[in-house]
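Visitor: Mind folding the following:
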Amino acid sequence: MRRTQRKHRPVRLALYGANAILLVMSLLSLWPLGCAGDSDGGSAGAVVVYCSVDIGFAEPILDDFTRETGIRVHRQFDTEAGKTTGLLHKLLAERQNPRADVWWSSEIFGTMQLAADGVLDAYRPTTADDIPRQYRDRADRWTAFGLRGRVLAYDPKRTRAEDLPRRWCDLVDPKYRGRVAMADPRFGTTRGHMATLLSLWGEPAMMKFYEGLRGNGFHRSDGNSHSVLMLVRGVVDYAATDTDDVIVAQQRGDSIAMVYPDLDTPDGKGPAAGTLWIPCSVALVNGAPHGSVARKLIDYLASAKIEERLYASDSRNVPVRPGLRKKLGASAPGESDVDYAAAAAMLDRSDALVTDVLLK
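Guide: Next up, the predicted model:
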């Protein structure tokens, strides 16, 4: 996996529809968090974290951090529809007067973009020495761990194995017309997924793919979990989502399974690219108001203890630590050698193509 870092254009500050309203509400809700009374002083201190990891998985971990350290954690979560992107805009808007101390993201692409835009500060977690180098920023502005795969969910009672798409580019086949749900590709892991395809395929092939999806009448959902819900309710036969959303649905008894489509180019001339596995990431915000306690939280989140806990949860994040994978018997089927930095460099262009071609 190549680890080159590239400069990115600043994230555009335009939000759409309800997301703009949600952003304003979030700003108002966090107004007190940077006040003088919330300093590193007091008993054990307090820390402010902006988090796009699903609340059901993140909150117990943050609560346990407080129980173990006495450090209070003020947390701001993103909405499902505006996953990750809403908080990215918020961090950029607050760059000159930061309110957050820690950024804990459910993906890596937007984190790389924030690092390039100067929003994140250098800090190497004391607990991350056993994390492979490709999952740590060369300048120590972020640390990644806990992989989730991009998959296509289906109901094995309704769909035969021989009918399953084997590549993402297969979704434009007319036999899948009106049968596929996908979250808005300008948000969350779907955003990084589409930027990855753009970096691998090039713009002409990506435009053709979007034209094919639009012509095939794909269903745009409000997030990965909503895509899964549309599948479970029989609205669609396939849902582009992450492994954790499928596992959660299986745990509640839904008839659902998943396949790992290949990132291969549409012309099929290159070698199979494999499955996209996306890590979580954690970083120190540049100018964090509560820097000392923020570093303690980052050490905690980047630890092997938390990576093992995420794997044991319904999120089932696959560890990036080789030793932990061996201990747990964990694997990432078809894991690809993706250049995350190359994909992150394509985020803005990918957003533009989605708006201009897929959603026009």
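Visitor: I'd like the distance between the closest residue to residue 357 other than its chain neighbours and residue 145.
Guide: Distance criterion C-beta to C-beta, 6 or more residues apart in numbering; nearest residue to residue 357, sequence neighbours excluded, is residue 210 at 4.2 Å. In short, each C-beta sits where N, CA and C put it, glycine included. As judged by C-beta to C-beta, to the nearest Å, residue 210 and residue 145 stand 32 Å apart.
Visitor: the more surrounded of the two?
Guide: Between residue 210 and residue 145, residue 145 has the larger neighbour count (other C-beta atoms under 10 Å), namely 28 against 23.
Visitor: Looks to me like that one is in a helix.
Guide: No: assessed by DSSP: H, G, I helix; E, B strand; the rest coil, residue 145 does not belong to a helix; its assignment is strand.
Visitor: For it, name its beta-bridge partners.
Guide: On the basis of DSSP bridges, residue 145 is bridged to residue 280.
Visitor: check contacts around it.
Guide: Taking C-beta atoms under 8 Å, 6 or more residues apart in numbering as the criterion, residue 145 is in contact with 128, 131, 135, 279-282, 302, 306-307, 310, 317, 319-321.
Visitor: Out of those, who's the most crowded?
Guide: In terms of neighbour count, residue 281 stands highest of the contacts of residue 145 at 32 neighbours, by other C-beta under 10 Å.
Visitor: From what I see, that residue and residue 109 are in contact.
Guide: No: between residue 281 and residue 109 there is no contact under C-beta atoms under 8 Å: 9.1 Å.
Visitor: what residues are shared contacts of these two?
Guide: Joint contacts of residue 281 and residue 109 (C-beta under 8 Å, 6+ apart) do not exist.
Visitor: so the residue nearest to residue 357 touches residue 360, yeah?
Guide: No: in this structure residue 210 lies outside contact range of residue 360 using C-beta under 8 Å: 9.2 Å.
Visitor: Dihedrals phi and psi, residue 244?
Guide: With angles defined as degrees, to the nearest 10, residue 244 sits at phi -70, psi -40.
Visitor: burial measure for the closest residue to it other than its chain neighbours, as a count.
Guide: With sequence-adjacent residues excluded and distances taken as C-beta to C-beta, 6+ apart, residue 244 is closest to residue 315, at 4.2 Å. By the criterion of other C-beta under 10 Å, residue 315 has 23 neighbours.
Visitor: Domain map for this structure?
Guide: Using automatic domain parsing, the domain ranges for the chain come out as 18-147+279-335, 149-276+353-358.
Visitor: what mean pLDDT does the longest one have?
Guide: For domain 18-147+279-335, the per-residue pLDDT values average out at 88.
Visitor: Now do the contacts for the residue nearest the centre of the chain.
Guide: Per C-alpha atoms, centre = their mean, the C-alpha nearest to the average position across the chain is that of residue 107, at 2.7 Å. Residue 107 sits next to 52, 84, 188, 189, 191, 192, 278, 279, 280, 281 when contact means C-beta under 8 Å, 6+ apart.
Visitor: Correct me if wrong: the fifth one contacts residue 185.
Guide: Think residue 191. Yes: with contacts counted by C-beta under 8 Å, residue 191 reaches residue 185, the gap being 5.9 Å.
Visitor: what about residue 300, distance to residue 50?
Guide: 16 Å.
Visitor: quick one: contacts for the residue nearest to residue 357?
Guide: With C-beta under 8 Å, 6+ apart, residue 210 has these contacts: 353, 354, 357, 358.
Visitor: Give me the subset of these that lies in strands.
Guide: Counting by DSSP state E, the contacts of residue 210 place none of their members in strands.
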